[in-house]
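>>> Show me the folded form of this:
(chains A and B)
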Amino acid sequence: MSEGKPLLEIDKLSVHFPIYGGILRHQVGLVKAVDGVSMQIRRGETVGLVGESGSGKTTVGRAICNLHSAMSPDVKLGGKIWFESRSGRVDLNGLARKKMLPHRAEVSMVFQDPFSSLNPRMTVQQIVQGPLCIHEPDLDQKALDERVSQLLDRVGLQPQYAARYPHEFSGGQRQRIGIARSLATRPALIVADEPVSALDVSVQAQVINLMGELQQEFGLTYLFVAHDLSIVYHMADRIAVMYLGSLVEYGSAEQVYKSPRHPYTQALLSAVPRPDPDGKRAKRTVLEGDIPSPLAKPTGCGFRTRCPLAKKECAEIVPELKDRGAEHLVACPVVD
Amino acid sequence: MSQPLLQVKDLHTYFNVEGQRAWACAGVSFDVMPGEFLGIVGESGSGKSVTALSIMRLIPDPPGRIDSGEVVFDGRDLLQLPLNEMRRVRGRDIAMIFQEPMTSLNPVLNIGRQVMEAVVLHEKLSREESRNRVIEVLEQVGIPDAGKRLKDYPHQFSGGMRQRVMIAMALICKPRLLIADEPTTALDVTIQAQILELMADLQNQREGSATILITHDLAVVAESCDRVIVMYGGRIQEVASTRDIFQEPLHPYTKGLMGSIPQEDSKGKPLFAIQGNVPAILDFPPGCRFCSRCELVEDRCRSEEPPLVDLGGGRAVRCHLVEKLPSNAEAEEAAP
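The predicted structure follows:
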């Protein structure tokens, strides 16, 4: 991967959602969905962000796209999300709507559910040209038509589909429409939140291949949020592993997938079924129980309640990410 | 060779869709041997769930109907049984685990009562005895403090725990055949590993019993099944032992599915993707069901449906090109 300034530099990001209850609707709790996450994404690379449900991986993706302030006004944001935009370095975290607007052309998102993320009352033409109408208001309808049909062609859909509505398409085709929309403004960074998990196996491969081709062609940077580790390993240059709102390991795909250091990553990888009936595998570490509620996080290391290596001091110190050589970051003092 | 536990012979099930008969399950035949862990694999719309529901006679009628065929269990054709006798088979001899642990449990009844239902229906046990039996089976599936949790309601359990409750319900009468329809699809990989391990353990404990695991995930099959049936378009396309099918898939559809899942050595390369989408149920082409997406398609594939050819050694494949498929010569040698 090309060295140089990171395209995105997340510094101690936290996203906390207050919970209100009681007759007076006062605050009764705080969900620390993301708690002090720092990571860098370089231009042109694909970073895979993995974790179980409830680990906060989607919340990180949404924070980068600044979708929280729009959806839940009470959300408490902390830290910085430095983005190297065309007009200079800017902190996207909690940016006001109007100030965020120009940057939305450069950071776009592909959503998980290809059924609910397209407006059923809009034609494909309207869906795909939507971002263009906002960010390039000078384009006339003829130019818009041309751009839309180029985009549809590029994602493998026939340009005459532009007049149709989303319900006329299958899941895989809808995901292609979503990808065309995210590409419309020529973004630098695409946050893809579980883009293939709702698709059939044979269609998943088509969409994964398409995303790979587009990255080559347009020099895109991806943050690929997913729970399927074999797909993430296939796509990603680097993999970040989250657990209960914190990053526990971050390194190259090879480092994390082939020689994981953090006990959680090891357990997660050993749980992934391998498509090889004769495959020799190390003794599976089956984790006991479920991920704890982010409302009542364990003190110290969040993973200690399920960790096979947990020691007394794990309850006291919150482990920090440390470089274990060759940019392999691990947040666990016990593995040394 | 012992007698099969279950024989499905030429099963046909259709649904009335837009005034036409849509054959969701068209001539499916297979045997399940005692002690076997059989996988049925296919994408959505392949007819795998309909096959399972037909065995249990749980097809909603209307719009669906089992048209013809036999489901022989214990020397009796389940399809000919009067309903009250069929009810005695369900839950006692054959039990089913449904896909969604969130929606398959009744939210207004406590767990103890729901698990106990099958015992109360099928066995003459006192209140105390059935309660103890419920606690025993809940502990067997790994629910801690089972005695204290009987009065809890489904919403008080996590996804993985609810799926365990579902398994407990299915196992409480020690059925000889367990049908699990996508039991882990809605769960995280770590929980999936726990559940698959549990199902394998329980199968080993109940001698002579068998499990049918329905899934779209080939990796799950590789981990747990002895034998695999690949379905597409309501028909069986290929049958083989798990080892054979992973070493040498024969049917072009099976090959496509295998190519679609990322392997460790496929990193950075495009995946082999099957073109197009699974057609809607009424839009399957005449002739071979897969011909509209097959790369090797010939003229006769479009007009004439190939038979399911038995290659010996427990392998069968439905493809006109079977003579040309590479390993056929070897398979013939192996055939008696």
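
>>> Return the distance of B:Val230 relative to A:Pro273.
17 Å (Cβ to Cβ, to the nearest Å). C-betas here are computed from N, CA, C, even on glycine.

>>> which of the two has more neighbours?
For B:Val230 and A:Pro273, the more surrounded residue by other Cβ atoms under 10 Å in any protein chain shown is B:Val230, and the numbers stand at 27 against 22.

>>> Following the chain past the lengthiest helix in chain A, name the next helix or strand.
Assignment by DSSP state H gives helix A:201-218 as the longest helix of chain A. Sequence order places strand A:221-225 as the next helix or strand after helix A:201-218, per DSSP states H and E.

>>> For the next helix or strand after that next one, C-alpha coordinates in PDB please.
Downstream of strand A:221-225, the first helix or strand assigned by DSSP H and E is helix A:229-235. Provided in PDB are the C-alpha atoms of helix A:229-235 (Å, rounded to 0.1, in the frame of the first residue of the first chain):
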ATOM      1  CA  LEU A 229     -14.500 -12.800   8.400                       C
ATOM      2  CA  SER A 230     -13.700 -14.900   5.300                       C
ATOM      3  CA  ILE A 231     -15.200 -12.100   3.000                       C
ATOM      4  CA  VAL A 232     -13.400  -9.400   4.900                       C
ATOM      5  CA  TYR A 233     -10.100 -11.300   4.600                       C
ATOM      6  CA  HIS A 234     -10.700 -11.600   0.900                       C
ATOM      7  CA  MET A 235     -11.400  -7.900   0.400                       C
END
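
>>> which helices and strands does helix A:229-235 pack with?
With contacts defined as 3 or more Cβ pairs under 8 Å, 6 or more residues apart in numbering or on different chains; DSSP states H and E, helix A:229-235 has these neighbours: strand A:46-50, helix A:201-218, strand A:221-225, helix A:253-258.

>>> all strands for the stretch 51-200 of chain A, in order.
A:76-85, A:88-91, A:107-110, A:189-193 (DSSP state E, counting those that start in this stretch).

>>> Same check on chain B?
Per DSSP state E, chain B carries strands over the ranges B:6-17, B:20-32, B:37-41, B:64-73, B:76-77, B:94-97, B:177-181, B:210-215, B:227-232, B:235-241, B:308-312, B:315-318.

>>> Rebuild those as TSV, extending it with mean pLDDT.
As requested, the strands of chain B are arranged in TSV below (pLDDT from 0 to 100):
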stretch	mean pLDDT
strand B:6-17	91
strand B:20-32	90
strand B:37-41	93
strand B:64-73	90
strand B:76-77	91
strand B:94-97	91
strand B:177-181	92
strand B:210-215	92
strand B:227-232	94
strand B:235-241	93
strand B:308-312	86
strand B:315-318	91
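
>>> could I get the ones you listed as JSON lines with distance to A:Lys5?
Converted to JSON lines, those look like this (distance: least, Cβ to Cβ, whole Å):
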{"stretch": "strand B:6-17", "distance to A:Lys5": "57"}
{"stretch": "strand B:20-32", "distance to A:Lys5": "56"}
{"stretch": "strand B:37-41", "distance to A:Lys5": "47"}
{"stretch": "strand B:64-73", "distance to A:Lys5": "60"}
{"stretch": "strand B:76-77", "distance to A:Lys5": "72"}
{"stretch": "strand B:94-97", "distance to A:Lys5": "52"}
{"stretch": "strand B:177-181", "distance to A:Lys5": "51"}
{"stretch": "strand B:210-215", "distance to A:Lys5": "45"}
{"stretch": "strand B:227-232", "distance to A:Lys5": "49"}
{"stretch": "strand B:235-241", "distance to A:Lys5": "52"}
{"stretch": "strand B:308-312", "distance to A:Lys5": "59"}
{"stretch": "strand B:315-318", "distance to A:Lys5": "55"}
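
>>> Now render the ones you listed as JSON lines, adding distance to chain A.
Formatted as JSON lines, these follow (distance: least, Cβ to the nearest Cβ, whole Å):
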{"stretch": "strand B:6-17", "distance to chain A": "16"}
{"stretch": "strand B:20-32", "distance to chain A": "16"}
{"stretch": "strand B:37-41", "distance to chain A": "9"}
{"stretch": "strand B:64-73", "distance to chain A": "22"}
{"stretch": "strand B:76-77", "distance to chain A": "34"}
{"stretch": "strand B:94-97", "distance to chain A": "18"}
{"stretch": "strand B:177-181", "distance to chain A": "15"}
{"stretch": "strand B:210-215", "distance to chain A": "10"}
{"stretch": "strand B:227-232", "distance to chain A": "10"}
{"stretch": "strand B:235-241", "distance to chain A": "9"}
{"stretch": "strand B:308-312", "distance to chain A": "19"}
{"stretch": "strand B:315-318", "distance to chain A": "15"}
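
>>> check contacts around B:Lys9.
Residues in contact with B:Lys9 (Cβ atoms under 8 Å, 6 or more residues apart in numbering or on different chains) are B:29, B:69-72.

>>> And B:Lys323, what's its pLDDT?
Wrong residue type there; residue B:323 is Glu, not Lys. We have a pLDDT of 66 for B:Glu323.

>>> Based on its surroundings, how many neighbours for residue 203?
Answering for chain A, as no chain was given. A count of nearby residues for A:Val203, using other Cβ under 10 Å, gives 25.

>>> oops, chain B please
17.

>>> neighbours around the nearest residue to it once chain neighbours are set aside, how many?
Excluding the flanking residues, the one nearest B:Gln203 by Cβ to Cβ, 6 or more residues apart in numbering or on different chains is B:Thr211, at 5.3 Å. Look at B:Thr211: counted by other Cβ under 10 Å, it has 25 neighbours.

>>> ok, now A:Tyr20?
Neighbour number of A:Tyr20 under other Cβ under 10 Å is 11.

>>> any idea which helix or strand carries it?
Here A:Tyr20 is assigned to strand A:6-21, by DSSP H and E.

>>> In its sheet, which strands sit next to that strand, and in what direction?
strand A:26-42 (antiparallel), strand A:76-85 (antiparallel) (DSSP bridges).

>>> Tell me where the model's unsure across chain A.
A:1-4, A:69-71, A:278-285 (pLDDT under 70).

>>> Centroid-nearest residue for it?
A:Val225 (3.3 Å; Cα atoms, centre = their mean).

>>> surely it meets A:Ile190?
No: using Cβ atoms under 8 Å, A:Val225 is not in contact with A:Ile190; the gap is 11.0 Å.

>>> where do the helices sit along chain B?
Counting by DSSP H, one finds helices in chain B at the ranges B:48-56, B:83-89, B:111-122, B:127-140, B:146-149, B:159-171, B:189-205, B:218-224, B:242-247, B:252-260, B:299-303, B:328-334.

>>> Could you show which parts of the stretch 151-300 of chain A are in contact with chain B?
A:170-173, A:200-206, A:208-209, A:212-213, A:227-231, A:233-234, A:253, A:267-268, A:270-279, A:284, A:286-287, A:290-291 (Cβ under 8 Å from any Cβ of the partner chain).

>>> List buried residues within those.
A:170-173, A:200-206, A:208-209, A:212, A:227-231, A:233-234, A:253, A:267-268, A:270-277, A:287, A:290-291 (16 or more other Cβ atoms under 10 Å in any protein chain shown).

>>> Brilliant, that's me finished.
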